[in-house]
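Asks: Structure here, sequence nowhere to be found:
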């Protein structure tokens, strides 16, 4: 099998471990901290997790390993969307497990949680795992989106574990997967199944983050990859001087990715969904913000620019959410057939006009026709509008174009506006992990095994102090229940890990907000270039700007 | 002004020069070779270039510099689309010019050839030029697409040169720009204007290439950037195991970019426009090739894949070209208004059906409706179909979907097919140049000045032996007329540099053709990762696979 020269070179990279984990297995001892409370709804969470709630925070330190000697058989799964570094979590887990005892066994369940249900697995050995060190992707065992949340599933998982003698599971996933890991841990504890569960924080979206988890893995590499591309596009824009590039970046519910890319590349405009929601901004207001930048730059002779649009932004526009809700109601049941039978778009438009409230019709009327039609023609199996399919980058560029035409008519704008569109998502989820993600992920996996070895369950593998060199990182574990609160999901109150949105009073957003007026009118582009794995430390070892600002760097 | 840490680090990179140019200006002498002939149409070309035709090929070598000491005032322009390394051509030119005599002056004309006409320029100095060393983009002076080809323009250029005392121009551009450079050189020679003209071979498309020019600059970096992204997408595909990615890559008239990306990433399918033309393939045949791969993989349980589509491929499908021609005829003059006035798409469809030949209607009928409408609704100011706007990646994925539905109906396919689409172009034109392009471009510029210093005009700066280390590169110059033939352009016979298409009997295509059946059914993906500027030589210094294969490596 042919592999690239970079992949071959990366096999030789030895990921860095936190100082307290790098003296060898025999020299890792545990230090227990205080008991924990969930961040909110303590009584309810405690009631739901009677066996795993309130456990102590723990850290590892250098000292005699006092864990019980027993053969460990561990299972691991990758859950949800790909994030760079997933392979290194598995490698770190494997290396710690084998360093502890060569007889220990690591099972990898294939295709995500469903592999655990279907008992579809691989048993890792050196030859197999060595092909995946410091590489991107989740192809080592695949991933999947099946949710482990029902009692029936838990019973099957318990069966599968019993069959193989598995005494611990490591679940590598996002907020939902780790919530489910906590529920599974509680199930095993309540049923004395003898299976521990440890989670690892994964997601390129960066929204699994809290006072314990400084960042989720993959965010670093994915945002650097997108920023490489955005920087290249910026440099193209300022060379050709004739296009406005609208760049949509992944991130449905939080805008961490968009914000980090903006901090790295300093585009003319970057929308932040959380701000749109907080300020209850309308589509017209957002359009005005972009058009203001286009017009101000045109006045200086700069008929080019770059705008970053977070994937999910339209869902945060209150008037747009109302419109979507009304459309879903309007087409409920048999009315969809009635609508579909109408012979022309004009007839359909009349139907829509009669069906929507005046306010929503006003919003609908300003949308470009392609988006109007998309809202009505592409619906999911339940008949609902597929908001995720809305090409928001094209929506805003079309609305900006109209806005500029109006400005031209009233004499306040006299430039040229040609838009190009990009969507960055799949381009960054499986990149070779940056040195940061390589080290962080390997540490998370190594650390996860130490938590298993010391008998913990319902914990998230926790590595902190991440803006310092790896030597100074702190390894330990935190009960997942500590990060939970109760939220309404699908009409039910559920215990969940609180999703981290961009905080408008947080350092990263404030840094951006203080500079964006300047970036909007002028050309302050920064070109980060491709991720470097070798070379000067300031190039290879920088964390994200988000993390640096959050930690006061 | 904030710059990225990579940009800062790249300032310190010293581009490598060919061995014979790296002993200092005083130690570069010239060796003249034989007189040259154009590759075809010798008599016609000679008649058109009486003053510059038939000149000798030259190479530089180590030895006493015997060039005449005179103050050099040189002008440089960037012409056409951006290509990584353009800044280094300017830097190499500047460094050689200043190393020869500190009093020499370099003018940069802004915004491409139009800057020369409008006398819009900057005079380079160390402080200014140092900001651009080893960076991507053409923003140092901008670029443009104005063509220098009329006698009136030449007269203005001569005026501008005279005004500033400019005695040589360096034109950095593609085949058309260098053709025009030769015509301008002849004009100056015929008019004793005392201005030399030297060209430098630029284009990411890779189609300015012949027995003298081994490759154009920018192709290396651009294809490595696209291959990074395609590799990431491949790794995502093989991790998620649920999408077929259709990746369109830049390249209107030649498929060198698509082919190089395929050699680097080994996708399941890669179309090559030149093969489509040579074999007179139909849309249905092309669709079948892709659908065969989808079906063969589905039979193995692999419902994912990656297909690379060159941007201009549909223009090479004979039946499609005929269809476009008929549509242009059908809507000529007032018939467009008649067509536009029809009330519905159904009415328009009838109009089309009545207007096209049966053969073209058959082709039209199999197109997805969105593409059908695009062909009729989006036309250029002359009323012609805008072929470049056709989203060929979506065209083929839609046709493959229909093809698979038919296979499913007849029982020969039982998989799942979900397609995602990407277009890679602007993402790679302004990346930081690879070490190869940094060195090659710097050498081209340095060498261009040596050609000027030794009094040559109508030459292309030529660096060869490029698959060897820079130390062994050969520097020299070749009369542009040597690369010319006569071609029919816009109804006239014109002398032009022959465009290099992918040769179906060339080593790169043959390498691909021998392996593609294997790649089509199996997962042979290679993940090149991001361009590395530091680190192991086999990672940082590799040339393109195209160049390596062409030179028998």
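Replies: Alright, I've got the coordinates. Fair warning: this is a prediction, and the values are worked out from it, not measured in the lab.

Asks: drop to CA atoms for contacts and neighbour counts, all remaining ones
Replies: OK.

Asks: ok, residue A:179 - how many residues close by?
Replies: Number of residues near residue A:179 (other C-alpha atoms under 10 Å in any protein chain shown) recorded here: 25.

Asks: does it sit in a helix, a strand or a coil?
Replies: Counting by DSSP: H, G, I helix; E, B strand; the rest coil, the backbone at residue A:179 sits in helix.

Asks: and what of residue A:495?
Replies: When states are read from three-state DSSP, the local structure at residue A:495 comes out as strand.

Asks: hang on, isn't it packed against residue A:484?
Replies: Yes. Here residue A:495 lies in contact with residue A:484, judged by C-alpha atoms under 8 Å, at a distance of 6.2 Å.

Asks: Mind listing the shared neighbours of those two?
Replies: residue A:45 (C-alpha atoms under 8 Å, 6 or more residues apart in numbering or on different chains).

Asks: my read is residue A:254 is in a helix, agree?
Replies: No. Read with three-state DSSP, residue A:254 is coil and lies in no helix.

Asks: if I look at the spatially closest residue to it that is not a sequence neighbour, how far off is residue A:544?
Replies: Leaving aside its sequence neighbours, residue A:254 sits nearest to residue A:501 (C-alpha to C-alpha, 6 or more residues apart in numbering or on different chains; 5.2 Å). Residue A:501 sits 17 Å away from residue A:544, going by C-alpha to C-alpha, to the nearest Å.

Asks: With residue A:507 instead?
Replies: Summarising the geometry, the distance separating residue A:507 from residue A:544, computed by C-alpha to C-alpha, is 13 Å.

Asks: So between these two, which is more surrounded?
Replies: In terms of neighbours (other C-alpha under 10 Å), residue A:544 is the more surrounded of residue A:507 and residue A:544; the figures are 21 against 18.

Asks: got the contact list for the nearest residue to residue A:101 once chain neighbours are set aside?
Replies: Excluding its sequence neighbours, the residue lying closest to residue A:101 (C-alpha to C-alpha, 6+ apart) is residue A:71, at 7.4 Å. Taking C-alpha under 8 Å, 6+ apart as the criterion, residue A:71 is in contact with A:101, A:103, A:104.

Asks: Ramachandran coordinates for the second one?
Replies: By that I understand residue A:103. With angles defined as degrees, to the nearest 10, residue A:103 sits at phi -80, psi -10.

Asks: what's the closest non-adjacent residue to it?
Replies: Nearest-residue entry for residue A:103: residue A:71, 6.9 Å, with adjacent residues in sequence omitted and distances by C-alpha to C-alpha, 6+ apart.

Asks: Quick check: which element contains that neighbour?
Replies: Using DSSP states H and E, residue A:71 falls within no helix or strand.

Asks: Look up how far residue A:195 lies from it.
Replies: Computed as C-alpha to C-alpha, the residue A:71 to residue A:195 distance reads 13 Å.

Asks: Pull out the buried positions in stretch A:175-190.
Replies: Within stretch A:175-190, the residues scored as buried using 16 or more other C-alpha atoms under 10 Å in any protein chain shown are A:175-189.

Asks: Dig out what residue A:202 forms beta bridges with.
Replies: Beta-bridge partners for residue A:202, by DSSP bridges, are residue A:217.
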